[in-house]
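> Here is a sequence together with a model predicted from it:
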Amino acid sequence: MISFIYFILFIIFLYKWYYNATSKARKSLPPSPAKLPVIGNLLQLGLHPHRSLKGLSERYGPLMMLHLGSVPALIVSSADAVREIVKNQDLIFSSRPKLSVMHRIVYGSKDIAFARYGDHWRQVRSIGVLQLLSNKRVQSYRHIREEETSLMIEKIRNSPSSSMSEVNLSNLLVSLTNSIISRVVLGRKYDGGEESENFELMLKEIGELLVTFNPGDYVPWLNWINRVSGFDARLEKVAKSFDEFLTRVVEEHRSRKQGKTDRDGSSDEVDFVDILLEIQRENSSSYPIETDTIKALIFDMFGAGTDTTFTALEWTMAELLRHPKIMEKLQNEVRLVAGSKLDITEEDLEKNKMPYLKAVIKESLRLHPPFPLLLPRELTQDTTLMGYEVAAGTRVMINAWAIGRDPILWKNPEEFHPERFLDSGIDFKGFDFEFIPFGVGRRGCPGITFAIGVDELALAKLMHKFNFATQKDLDMTEAPGHSVHVKFPLLVNPIPHFASN
Ligand code: HEM
């Protein structure tokens with residue numbers, strides 16, 4: 001009998017010990033919503049993951065762990081957690097996961113945006129920051145921004161429907177950003193003709209593949225679905241066409257350098273392809289740059305640069321159309337600076353001559369960051385973050401959209417109120433963790449100067465030249481996707497402003 005009692009006591013002891021040990025371990029993991037077998041929390045992401053994740057983080061906290069199929073994902077939804085990452089652990093949070101579509105398109109992640117952290121990324125990032133996107137280089141393309149924005153104004157003015165019915169402003173903004181990036185990167189525009197149509201179709205197809213749910217990225221043994229559904233075949237086809245296009249672009253630039261051909265209608269200025277080929281020719285670095293890397297970098301400039309720059313402008317215009325008083329205040333500022341001049345130039349934007357314009361763009365980026373979840377990161381080492389243990393290999397998603405609407409950080413966060421940025425000193429360069437539309441740390445966006453240069457000038461010119469009938473009930477529904485657009489194109493009624501025309 002006594003041995004039986006000892007046996008029971010021993011079992012109770014074992015149970016208590018096991019319970020304590022496991023609950024201790026459980027306590028140190030970030031909280032997690034319940035998950036389904038195989039697919040984990042994938043269904044909980046919904047069509048607009050930034051919104052669903054904000055809802056979940058209000059229940060589970062600013063650091064939570066989800067399981068996207070078999071991929072563990074840490075969701076970061078507070079400025080404090082971002083501060084802790086950037087200040088103390090940036091290095092181990094600076095890699096990217098392998099995403100199959102991008103990996104195939106950019107030659108096995110040889111670009112900047114999707115390269116894993118390491119020597120290759122350091123090399124291409126420094127080329128991007130120092131050679132392609134430096135302030136000086138961006139400044140040298142000023143005439144392209146001025147010409148293309150003037151062309152957009154002309155198109156609106158000459159549009160047959162102008163002042164009578166609707167102009168599709170979204171299309172014009174896409175075409176503006178595409179034209180600027182094409183001229184800067186490739187040396188010429190692709191507008192009109194078969195080549196341009198193919199180019200646009202390729203970009204569209206890649207965009208569609210990127211937003212198509214890819215089960216193999218989350219549950220590797222479901223990879224076969226992509227083969228059966230035709231997804232893999234589509235990806236192969238567009239990757240091949242894009243490679244053929246980029247090969248032609250590179251060859252054209254090489255032979256032009258050797259004096260073999262003249263480019264029709266293009267200027268002699270140096271574009272990004274010229275710069276990259278020059279770096280390859282010089283071969284001065286210890287890390288020679290392959291032609292595939294050049295092609296991957298060209299893709300990056302389009303992939304990371306066009307959609308985002310256009311989306312930021314589109315949301316800004318959408319908010320202005322809904323807020324007539326704010327639009328009027330902005331028009332007054334721009335028209336006052338322009339004075340009797342017929343055209344706004346970049347000089348008019350220098351030295352903070354248009355503080356309200358800057359505040360309007362910031363406020364729009366706060367409410368509508370084009371990449372609401374930034375770009376995904378991957379943790380390279382086991383770590384402890386704010387008391388929670390997180391394992392190497394965990395995907396990290398930072399909800400910039402939720403942070404920009406956090407009521408603890410922002411007064412009336414859902415309101416479009418640009419005045420909050422006047423005299424506040426808060427900027428988007430990655431040092432103010434409550435406002436991070438361009439990301440943070442080592443992997444933060446290197447294209448800020450480029451993007452803001454285009455957006456400020458385009459917005460100032462639109463405000464200078466036109467009045468727009470306001471649309472208080474404008475549909476602000478978001479389209480699903482990695483970069484989040486207004487779902488329906490902006491149709492506007494521009495009325496030329498007499499004094500500035
Ligand atoms: C309003 C416009 C833009 C927005 C909102 C934006 C936003 C972002 C964000 C959120 C990231 C990820 C940052 C992170 O992981 O912390 C990023 C990365 C990047 N962006 Fe931008 N971007 C814009 C325009 C541009 C432009 C115009 C270019 C180039 C022409 C560009 C090139 C890149 C590149 C190369 C990366 C990858 C950086 C890396 O992984 O090291 N972006 N951008």
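Nice, I can see it. Quantities reported herein were computed from a predicted structural model and do not represent experimental measurements. Numbering: from 1, shown residues only.
> Which elements pack onto the helix ranked longest in the chain?
Of all segments of type helix in the chain, defined using DSSP state H, the longest is helix 291-322. Counting contacts by 3 or more Cβ pairs under 8 Å, 6 or more residues apart in numbering; DSSP states H and E, the secondary-structure elements packed against helix 291-322 are helix 119-127, helix 169-186, helix 193-211, helix 231-257, helix 272-282, helix 324-338, helix 355-367, helix 448-465. In this view, the C-beta of every residue, glycine as well, is placed from N, C-alpha and C.
> between those, which gets nearest to the ligand?
helix 448-465 (3.5 Å; Cβ to the nearest ligand atom).
> now Leu66, what's its secondary structure?
Following DSSP: H, G, I helix; E, B strand; the rest coil, the label given to Leu66 is strand.
> so where do the strands sit in the stretch 351-500 of the chain?
377-378, 383-385, 388-390, 395-398, 466-468, 491-492, 494-496 (DSSP state E, counting those that start in this stretch).
> Go through those and name the closest to Ala451.
Proximity to Ala451, assessed across the strands of the stretch 351-500 of the chain by Cβ to Cβ, is greatest for strand 395-398 (18.9 Å).
> Direction included, what does that closest one pair up with?
According to DSSP bridges, strand 395-398 has the following sheet partners: strand 71-76 (parallel), strand 377-378 (antiparallel).
> residues making contact with the longest one?
Right, the one you point to is strand 71-76. Contacting residues not belonging to strand 71-76 are listed as 30, 53, 56-57, 62-67, 82, 85, 97, 217-218, 379, 385, 390-391, 393-399 [Cβ atoms under 8 Å, 6 or more residues apart in numbering].
> for the record, mean pLDDT for that strand?
In this model, strand 71-76 carries a mean pLDDT of 97.
> Could you pull up the residues touching the spatially most central residue of the chain?
Closest to where the C-alpha atoms of the chain average out (Cα atoms, centre = their mean) is Phe371, at 4.1 Å. By Cβ under 8 Å, 6+ apart, the residues touching Phe371 are Thr308, Ala400, Pro437, Gly439, His482, Ser483, Val484.
> from memory the fourth one sits against Leu374, does it?
Spelled out, that is Gly439. Yes: with contact defined as Cβ atoms under 8 Å, Gly439 and Leu374 form a contacting pair (4.8 Å).
> what sits in contact with each of these two?
When contacts are counted by Cβ under 8 Å, 6+ apart, the set common to Gly439 and Leu374 consists of Ile398, Ala400.
> Show me which residues of the stretch 51-200 of the chain are close to the ligand?
Applying the criterion Cβ under 6 Å from any ligand atom, the portion of the stretch 51-200 of the chain that neighbours the ligand consists of Ile112, Ala113, Arg125, Gly128, Leu133.
> Around the third one, count how many other residues there are.
This points to Arg125. Under the neighbour criterion other Cβ atoms under 10 Å, Arg125 is assigned a count of 18.
> mind checking how far it is from Leu66?
Between Arg125 and Leu66 the distance is 29 Å, computed by Cβ to Cβ, to the nearest Å.
> go on, the fourth one?
Summarising the geometry, the distance separating Gly128 from Leu66, computed by Cβ to Cβ, is 31 Å.
> So if I had to pick from these two, which one is more boxed in?
Leu66 (24 against 21).
> ok, the closest residue to Asp243 other than its chain neighbours - contacts?
The shortest distance from Asp243 to any residue that is not its chain neighbour, by Cβ to Cβ, 6 or more residues apart in numbering, is 6.9 Å, and that residue is Lys295. Lys295 makes contacts with Tyr107, Asp243, Leu246, Thr247, Val250, as judged by Cβ under 8 Å, 6+ apart.
> In PyMOL, select just the buried ones from those residues.
The PyMOL selection below is limited to those of the contacts of Lys295 classed as buried (16 or more other Cβ atoms under 10 Å):
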select buried, resi 107+246+250
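> which of the contacts of Phe371 has the weakest pLDDT?
Across the contacts of Phe371, the bottom pLDDT score, 76, is held by His482.
> Relative to the ligand, how far out is that residue?
His482 is 10 Å from the ligand, where distance means Cβ to the nearest ligand atom, to the nearest Å.
> Just give me the neighbour total for that residue.
Here the count is done by other Cβ under 10 Å, and His482 has 16 residues near it.
> same deal with Trp221?
So Trp221, with other Cβ under 10 Å, has 11 neighbours.
> Check the stretch 151-300 of the chain for the residue nearest the ligand and tell me.
Of all residues in the stretch 151-300 of the chain, Asp300 sits closest to the ligand, with a separation of 4.8 Å (Cβ to the nearest ligand atom).
> ok, now which ones touch that residue?
Contacts were defined as Cβ under 8 Å, 6+ apart; by that measure Asp300 touches Val106, Asp111, Ile112, Ala113, Gly128.
> That one: what's its closest spatial neighbour, skipping adjacent residues?
Asp111 is the one closest to Asp300 (Cβ to Cβ, 6+ apart), at 4.2 Å.
> now Thr316
Taking Cβ to Cβ, 6+ apart as the measure, Thr316 lies nearest to Ser364, with 4.0 Å between them; neighbours along the chain are not counted.
> That neighbour reaches Thr311, doesn't it?
No: contact criterion Cβ under 8 Å: Ser364 and Thr311 do not qualify, at 10.0 Å.
> From Met301, how far out is Arg125?
Separation of Arg125 from Met301 (Cβ to Cβ) stands at 13 Å.
> er, Pro160 actually
If you measure Pro160 against Met301 using Cβ to Cβ, the figure is 34 Å.
> picking up where we left off before, and the contacts of Phe371, which two are the farthest apart?
With distances taken as Cβ to Cβ, the most widely separated pair in the contacts of Phe371 is Gly439 and Val484, at 15.1 Å.
> So which bits of the stretch 351-500 of the chain are right by the ligand?
Residues of the stretch 351-500 of the chain found near the ligand (Cβ under 6 Å from any ligand atom) are 370-371, 374-375, 437-440, 443-447, 450-451.
> Looking at those, which one is closest to Ile92?
Taking Cβ to Cβ as the measure, Ile92 lies nearest Arg443 of those, at 12.0 Å.
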